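J.: sequence and predicted structure are below.
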Amino acid sequence: MFAILRALGIFVGDPFKSRSRLEVENLFLRHQLNIALRRSPPRLRLQGSDRALLIWMTQFWPGLLGLAQVVQPETILRWHRAGFKVFWRWKSRNRAGRPKIDCGLRDLIQRMSKENPLWGASRIHGELLMLGFEVAQSTVSKYMVRRRNPPSQTWKSFLRNHAEAIAAIDVCVVPTVSFDLLFAFLVLGHGRRQLLWFEVTRHPTAEWLARQITEAFPWASAPTYLVRDNDRAYGHVFTSRVRAMGIRDRPISPGSPWQNGIAERLIGTLRRECLDQMIIFGEAHLRRILFAYAGYYNHTRTHLALQKDAPLRRTVQRSGSVVAIPVLAGLHHRYVRI
């Protein structure tokens, strides 16, 4: 800054000098400059004020570019272009333009794109508008997840979309107080893991099992597929009844209970949470126990596979005091607000 003021002072005082004196001073100053340049390092370090003064003088007198010796003329021009960019960047700050996109909105666009591989930019843009986000469709397209292959649903979505058409059956053996064996026939829907039907008998014949299938799926409520064990109890009468109801029978491979894993999980849960905690006296007693547990299982008990909801969907209660309702004489409890 001091160099600029000094140069301005000289510029104001020079018009009062004679022409011959100015020529002599210019010659004398040029000679000193040549001496200084011979002893200077290859590259001089100039301050910002020095650069500004050189740029200002060459703008008013372009012919001075040919007299530049400290730097190359192209260097002065480059400084001027850089200063032009800095000036207009400063002048254009905080002006109207394309609004900035929040990081949360970008993450939401990518999340929607990942969770819905069949959605395009127009579909995601419409969903964002319904959620109150003011964003352009071109911006949505910019931040969507790019895929190398055509969009495809996941195996998890594919299987869940077909779960409603699948039911599973299995038989649970229950010992009584007199060491007899009772057989509990269970029917489970894959869609919501709902216990659709149960019945108890001492002798599970093919005719009895066929009748239970008819009672479990009255009218047009039969599923498309039925998964069951490869047991001899399911004889010709049972398979004929299933075929007549329009159900595709799918017995599992011998010795492969994992192929009917959902029904096996239900039996394991029934044993751990109910049957292993009490002694069964007879058919009527077991039927009452299963009736009480089925109501608790379908209406109250939460399931991890259902995002911790009940098979028949519990409503969220947010107000009122919490009251415990005993189930199976206090073995479990149902909590509600009143």
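T.: Sure, I can see it. Residues are numbered from 1 along each chain as shown.
J.: tell me if A167 really is in a strand.
T.: Yes. Per DSSP: H, G, I helix; E, B strand; the rest coil, A167 lies within a strand segment.
J.: can you give me the pLDDT of F28?
T.: The model reports F28 with a pLDDT of 54.
J.: typo on my end, A82
T.: 79.
J.: gap between the spatially most central residue of the chain and W119?
T.: For the chain, the residue nearest the mean C-alpha position is R111 (4.2 Å; Cα atoms, centre = their mean). According to Cβ to Cβ, to the nearest Å, R111 and W119 sit 11 Å apart. All C-beta atoms are positioned from the backbone trio N, CA, C, and that covers glycine.
J.: ok, F185 next?
T.: Separation of F185 from W119 (Cβ to Cβ): 44 Å.
J.: check P257 too.
T.: Taking Cβ to Cβ as the measure, P257 falls 39 Å from W119.
J.: neighbour-wise, which of those two wins?
T.: Neighbour comparison, P257 and W119: the larger count goes to W119, with 16 against 13 (by other Cβ atoms under 10 Å).
J.: wouldn't that one be in contact with S113 here?
T.: Yes. Counting by Cβ atoms under 8 Å, S113 is a contact partner of W119 at 7.0 Å.
J.: ranges for the helices of the stretch 201-338 of the chain?
T.: 206-216, 236-244, 261-273, 283-299 (DSSP state H, counting those that start in this stretch).
J.: neighbours around D107, how many?
T.: D107, neighbours per other Cβ under 10 Å, totals 11.
J.: pLDDT averaged over the helix or strand containing it - what is it?
T.: Per DSSP states H and E: D107 is located in helix 103-115. Averaging pLDDT along helix 103-115 yields 89.
J.: C-terminal to it, what's the next element?
T.: Where DSSP H and E defines the elements, the next helix or strand beyond helix 103-115 is helix 121-130.
J.: and that following helix, what's buried?
T.: For helix 121-130, the neighbour count (16 or more other Cβ atoms under 10 Å) marks 121, 124-125, 127-128 as buried.
J.: name the residues that touch that helix?
T.: When contacts are defined by Cβ atoms under 8 Å, 6 or more residues apart in numbering, helix 121-130 is touched by residues 105, 108-109, 112-113, 116, 119, 135-138, 140-141, 144.
J.: try 6 Å
T.: The contact list for helix 121-130 (Cβ atoms under 6 Å, 6 or more residues apart in numbering) reads 112, 135, 137, 140-141.
J.: please convert the buried residues of helix 121-130 to CSV, extending it with distance to R243.
T.: Listed next are the buried residues of helix 121-130 as CSV, based on distance: Cβ to Cβ, whole Å:
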residue, distance to R243
A121, 49
I124, 46
H125, 50
E127, 45
L128, 50
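J.: low-scoring stretches of the stretch 101-250 of the chain, by residue?
T.: For the stretch 101-250 of the chain, applying pLDDT under 70 flags the ranges 150-152, 155.
J.: the residue lying closest to L290 once chain neighbours are set aside pairs with what?
T.: Closest residue in space to L290, ignoring its immediate chain neighbours: F198 at 5.1 Å, by Cβ to Cβ, 6 or more residues apart in numbering. Beta-bridge partners for F198, by DSSP bridges, are L186.
J.: what distance do you get for F198 to R148?
T.: 49 Å.
J.: pick out whichever of those two has more residues nearby.
T.: F198 (20 against 4).
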